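Engineer: Predicted model, plus sequence, below.
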Amino acid sequence: MSSGSRNVGRDTVIHHQIRLAMRPDAPRDKVEEALEMLRRMGREIEAVTYWTVGRDVGGDFDYGAMFAVEDIEGYRAYMYDPLHRQVDEIGLPLVRNMVSHDLTDDEDPATGDLIRQIHAERFAGDPALVALIEGLGSYAGSSAPGPAEREDTP
């Protein structure tokens with residue numbers, strides 16, 4: 001597991017968390033490359049104040065990641081950072097099932113709507129990203145394009 005922090009000492013925070021179950025045929029070297037790209041996101045995206053990437057424990061997922069940002073502007077910067085989109089391109093084809101969700105201690109009820117709006121705008125502006133998501137076996141959470149949850153049936 002890898003993690004890091006900077007600028008801790010905050011008033012509010014938004015945690016963006018993902019859980020990933022890899023495809024059984026995903027090449028190990030490509031999985032490691034994708035995990036290292038997630039770590040780079042934590043180290044290099046300025047809006048990220050702390051992060052962790054590692055094994056997912058206690059569920060049907062293999063790996064997880066969490067990135068914390070201070071506010072909705074930081075969240076938008078994180079979501080639109082070019083490195084984030086590179087990780088999507090490299091990592092999503094290796095993923096079978098994914099859950100993505102957000103947690104905040106911001107008491108403003110509009111924050112959830114703003115998070116959903118950022119995701120909706122990101123998906124609306126990037127059909128190739130939507131195609132990557134549609135290639136997953138299942139994808140659920142606050143950032144799912146279209147309905148709040150999309151699962152394929154066997």
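Structural biologist: Thanks, I have it. Numbering: from 1, shown residues only.
Engineer: Could I get the full set of helices for the protein?
Structural biologist: 28-44, 72-80, 82-91, 110-124, 127-134 (DSSP state H).
Engineer: can you redo those as TSV with distance to Trp51, mean neighbour count and mean pLDDT?
Structural biologist: All C-beta atoms are positioned from the backbone trio N, CA, C, and that covers glycine. Putting the helices of the chain into TSV (distance: least, CB to CB, whole Å; neighbours: other CB atoms under 10 Å; pLDDT from 0 to 100) gives the following:
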stretch	distance to Trp51	mean neighbour count	mean pLDDT
helix 28-44	3	16	98
helix 72-80	10	18	97
helix 82-91	12	16	97
helix 110-124	18	15	93
helix 127-134	21	14	93
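Engineer: mind checking which of those helices is nearest Thr12?
Structural biologist: helix 110-124 (8.5 Å; CB to CB).
Engineer: got the angle for the closest one vs helix 82-91?
Structural biologist: Between helix 110-124 and helix 82-91, the angle comes out at 60 degrees (axes from the mean of the first three to the mean of the last three CA atoms, to 10 degrees).
Engineer: Show me what helix 110-124 is packed up against.
Structural biologist: Packing partners of helix 110-124 (3 or more CB pairs under 8 Å, 6 or more residues apart in numbering; DSSP states H and E): helix 72-80, strand 95-104, helix 127-134.
Engineer: mind checking which of the ones you listed is nearest Gly64?
Structural biologist: Across the helices and strands packed on helix 110-124 (criterion: CB to CB), the nearest stretch is strand 95-104, sitting at 9.0 Å.
Engineer: which other helices and strands contact the closest one?
Structural biologist: strand 14-22, helix 110-124, strand 138-141.
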